[in-house]
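[1] The sequence and its predicted three-dimensional model are supplied below.
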Protein chains: 2
Amino acid sequence: MAIVIFHNKIILFSLFSLLFFTFCSSHIIPKFPSSLIRPEQQLNSGSAKNGLYKTKYFTQILDHFNYNPQSYHKFQQRYLINDTYWGGAKKKAPIFVYTGNEGNIEWFTENTGFMFEKAPYFNALLVFIEHRFYGKSLPFGGNKKVAYANSSTLGYLSSTQALADYATLIIDLKKNLSATESPVVVFGGSYGGMLAAWFRIKYPHVAIGALASSAPILHFMDLVSPYVFSNTVTQDFRSESENCYKVIKGSWKLIEETAKKHGGLELLRKSFRICNNYMDANALEGWLQTAWIYTAMTDYPTPTNFLNPLPAYPVRKMCEAIDRSVTEKHSSSTFDKLYSAANIYYNYSGTSKCFDLNDNSDPHDLGGWQWQACTEMIMPLGSNKESIFPESKWSFNDRSASCKFFYNVLPRPNWITSEFGGHDIELVLKRSSGNIIFFNGLRDPWSGGGVLKNISKTIIAIVAKEGAHHVDLRYSTKEDPKWLKDIRKQEVKIIESWISQYHQDLDTSYSVN
Amino acid sequence: MAIVIFHNKIILFSLFSLLFFTFCSSHIIPKFPSSLIRPEQQLNSGSAKNGLYKTKYFTQILDHFNYNPQSYHKFQQRYLINDTYWGGAKKKAPIFVYTGNEGNIEWFTENTGFMFEKAPYFNALLVFIEHRFYGKSLPFGGNKKVAYANSSTLGYLSSTQALADYATLIIDLKKNLSATESPVVVFGGSYGGMLAAWFRIKYPHVAIGALASSAPILHFMDLVSPYVFSNTVTQDFRSESENCYKVIKGSWKLIEETAKKHGGLELLRKSFRICNNYMDANALEGWLQTAWIYTAMTDYPTPTNFLNPLPAYPVRKMCEAIDRSVTEKHSSSTFDKLYSAANIYYNYSGTSKCFDLNDNSDPHDLGGWQWQACTEMIMPLGSNKESIFPESKWSFNDRSASCKFFYNVLPRPNWITSEFGGHDIELVLKRSSGNIIFFNGLRDPWSGGGVLKNISKTIIAIVAKEGAHHVDLRYSTKEDPKWLKDIRKQEVKIIESWISQYHQDLDTSYSVN
């Protein structure tokens, strides 16, 4: 994850999950602070126990859509499988497939407890497929340096190829298991949720239904306001306290002014416990924006460890940290308040001594998203006057220029909507698709690009006012609020209806030729 | 169109429409006798008058699915447009699009009178899009030699790329016409019908419905008997007379035995009026098979000039020619009978003096089908004991070997069904698509690979017992039988219901995000 100066702007590509934007007034975009997740933290969820899955590989074709010699190249695509609860091919028991997103598949698998918890009830086989170019699913001999070398190799990283990978792998797997009549339901969250929805739309002969959680399939040009994302983050904090919102909103100017003063940078460094190796005001702003954004995305009702270890309702905790000093005897400085809040995201476990602004590590292997955001995933993001972030207009030209600079590639801004639709989606899907659940939590900044209203009797929008980024897919806990329990029950009931309908259809089927 | 000797088999690639097979016992496949269609014959249909359409070009991207440098190459895609009857964007008047098949687009346009005749009723804009790599829609600078040079360039000739071309062109055209709310209905016959159906299934956000005429979307491996095609040809002739069937069925042995005798080849040459330049028994058999097959495909109830000028009910005419001599005083030889029958296909206008077995011309520019049949269009064909043709088993390995030999390419036999489905299609489409008409005429050898039963209330199979290859799409004539008039009326009514439903949906639409 590189920091690059381009046209006097610092451009940072942020990766999880779908982020790729600049808040241009400060020329900074949030950076995913992945190095701060220690390996033992990544694996402390209930899902990471031994024997949770077996790792397998499938020989996948490089290019499904062309037939030139290069297209015939093969690569090893990784998938994780758990057959503990499967009812088997004879019973036509279902297969639940997670359509992997932009990172290594273990990470998504271990954060999708819903599938593991519901497998026994459905007697379902569980399969988690890794997205090409991520994790260990690397074309070009599994050599990341070659695969990521330039646009000649990276060119094969695209959503349509990924979907065709999933279709090919699933069809082959079912054949090998003699389970061609087992219904497949696909699951995914975030970009994985977009892929799950698109997979159901494009490959209805492979999947009978999709649970697309927090899938911003409408977050594309001409479909959504570029401000909806930052406005949701703003609203998340503002709903906790007006003061909290004002302190954060006012902080950018304060930081910039302080940085210009003699000794100001050192003051900032000390205030925010930044390590000695690197200090920069823009990078600090990015570091803070990251904390606010990812905490808003993962503002879950229970303690979690998805991006970072966090307490329940972390946005509230952050605002409490910022507001606390207002009421306390010795009111601390604004920087102290902000540090306390950021510390909840970066150091909830209390073990970090300083924070490295120059951290380039990428433990979840999310680096390929930068390419996807430079080619087809043109998801407009900006912030307006009311935003908690510095004001910043969305500019396709800026995106184009960055992509030209980084990869010598030009984005195709209309491709996703040409290929998958989006305009008048309710008109289209009510007549040509079915069996999709779109879950969205309204505290999730990505929810503005999601499907928030029912489209038909079988294309259902489940909206949780209090929910965050694909909270429904997480492992359940004893502390889960009733609304979350209810939503999971509703999802189970709907998926059950798809499977039962499929079996009924199968019993009454006939040949058409 | 080359004759190639491969492993001691003569392998001829026949093109229109979807043909690519060997009847192996004679190692011969029919060849499309395109050189026998004189230009003035090609243009004598009512559709070819001046001003029928304007020719336009669209700058199309070479590769929609990848982002390597080569993928960004552009080419000029030709389309024909007629706006005489269009009601315009303000009235949201419909756009009828023909999804071009494996040949130059004028030919298909001029043989799809149905669209021209119904445009005034619907106030429809007519658009006929040429398929990439055919006609004038050639990638690589419009240079056919380069485009067809080898698999590095031909590799971009694929059905998925063609469908993405259509989506991109239609979306852009609607935008330019400010007609984003005009509903699009796609039409196609034969391979063009397959593309129309697949387009509706894969791009429901671009087309509200499809009339897929004689579209053998199920004519793929593991979905259909390889014998269904030749059995239908057999049945077409046998239904006219048992003697006719027996004479043709017995002819292959007779020809082969005659050819072996001293002076036999010369006898055959004279009997069939073969030109002096080239004579070969296998080629002669191919020449005859072509006549029987294409006459069966175009066994229309009125005189036509699609492949060749033909009388009404040409199969009956052929059998009458074969049977006539049985009852006449001076019974002619079997070869005379066969010649009289073949002459109906090759020389109905009576102007040909001799027939050139070595004719390689390709006036409709169908040559690219050979590549498609070597990569993804693996449509199994063979003939069994009862067949009017020599017995011949379908062999995927033979196809593979030929393709390896011709192009150094290996077919991907499961790709089409992986990408577009086919297995249990009725289960799939009834839950995930709508608004498709599948027309098939049962005298058409391709009908065995078509959808012959209704799938849902809006996925309708129209089956004409007496119909041939996409007869419904042809210009009407005064002599059309009632069943054909009724079918066209039914198609108009169904398409009308789609458009009216679309306008209703539009009036009651709402935003989902």
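    Yep, it's here.

[2] buried set for the lengthiest helix in chain A?
    Using DSSP state H to define each element, chain A has its longest helix at helix A:482-507. Under the neighbour-count criterion of 16 or more other Cβ atoms under 10 Å in any protein chain shown, helix A:482-507 has A:484, A:487-488, A:491, A:494-495, A:498-499, A:501-502, A:505 buried. Just so you know, the C-beta spots here come from the backbone N, C-alpha and C atoms, and that holds for glycine as well.

[3] Please identify which of those residues is nearest to chain B.
    A:Asp505 (5.0 Å; Cβ to the nearest Cβ).

[4] related to what we said a few turns ago, among the buried residues of helix A:482-507, which ones lie close to chain B?
    If you filter these for contact with chain B, counting by Cβ under 8 Å from any Cβ of the partner chain, you are left with A:501-502, A:505.

[5] got a markdown table for the residues you listed, with pLDDT and distance to A:Arg273 too?
    Compiled in a markdown table, these are given as follows (pLDDT from 0 to 100; distance: Cβ to Cβ, whole Å):
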| residue | pLDDT | distance to A:Arg273 |
| --- | --- | --- |
| A:Gln501 | 97 | 56 |
| A:Tyr502 | 97 | 55 |
| A:Asp505 | 95 | 60 |
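
[6] Same list (the residues you listed) but as TSV, adding distance to B:Asn308.
    Conversion of these to TSV gives the following (distance: Cβ to Cβ, whole Å):
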residue	distance to B:Asn308
A:Gln501	50
A:Tyr502	48
A:Asp505	45
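
[7] how long is stretch A:144-154 end to end?
    From the first residue to the last, stretch A:144-154 extends over 10 Å; the measure is Cα to Cα, to the nearest Å.

[8] cool, stretch A:186-206 as well?
    From the first residue to the last, stretch A:186-206 extends over 9 Å; the measure is Cα to Cα.

[9] likewise stretch A:80-99?
    Stretch A:80-99 has its terminal residues 11 Å apart, counting by Cα to Cα.

[10] buried residues in that stretch?
    Applying a neighbour-count criterion of 16+ other Cβ under 10 Å, the buried positions in stretch A:80-99 are A:80-82, A:85-86, A:89, A:92-99.

[11] contacting residues around whichever residue of the stretch 1-150 of chain A sits closest to chain B?
    Scanning the stretch 1-150 of chain A for proximity to chain B using Cβ to the nearest Cβ identifies A:Asn68 as nearest, at 2.8 Å. With contacts defined as Cβ atoms under 8 Å, 6 or more residues apart in numbering or on different chains, A:Asn68 is in contact with B:151-156.

[12] Could you rerun that using 7 Å?
    With contacts defined as Cβ atoms under 7 Å, 6 or more residues apart in numbering or on different chains, the neighbours of A:Asn68 are B:151-152, B:155.

[13] Just give me the neighbour total for A:Val186.
    Using other Cβ atoms under 10 Å in any protein chain shown, the number of residues around A:Val186 comes to 30.

[14] whoops, A:Lys465 was the one
    Residues near A:Lys465, counting by other Cβ under 10 Å: 8.

[15] Identify the residues contacting the residue nearest to it when sequence neighbours are not counted.
    Taking Cβ to Cβ, 6 or more residues apart in numbering or on different chains as the measure, A:Lys465 lies nearest to A:Leu442, with 5.1 Å between them; neighbours along the chain are not counted. A:Leu442 makes contacts with A:463-465, A:467, as judged by Cβ under 7 Å, 6+ apart.

[16] Next: A:Leu169.
    Counting by Cβ under 7 Å, 6+ apart, A:Leu169 has contacts A:58, A:60, A:77, A:79, A:129.

[17] Between helix B:159-176 and the helix or strand hosting it, find me the angle.
    Taking DSSP states H and E as the criterion, the element that holds A:Leu169 is helix A:159-176. Our comparison of helix A:159-176 with helix B:159-176, counting by axes from the mean of the first three to the mean of the last three Cα atoms, to 10 degrees, yields an angle of 140 degrees.

[18] Hey, what's the angle from the next helix or strand after helix A:159-176 to helix A:159-176? Just curious.
    The C-terminal neighbour of helix A:159-176 among helices and strands, as given by DSSP H and E, is strand A:184-189. Using the same axes, to 10 degrees, the interaxial angle of strand A:184-189 with respect to helix A:159-176 works out to 140 degrees.
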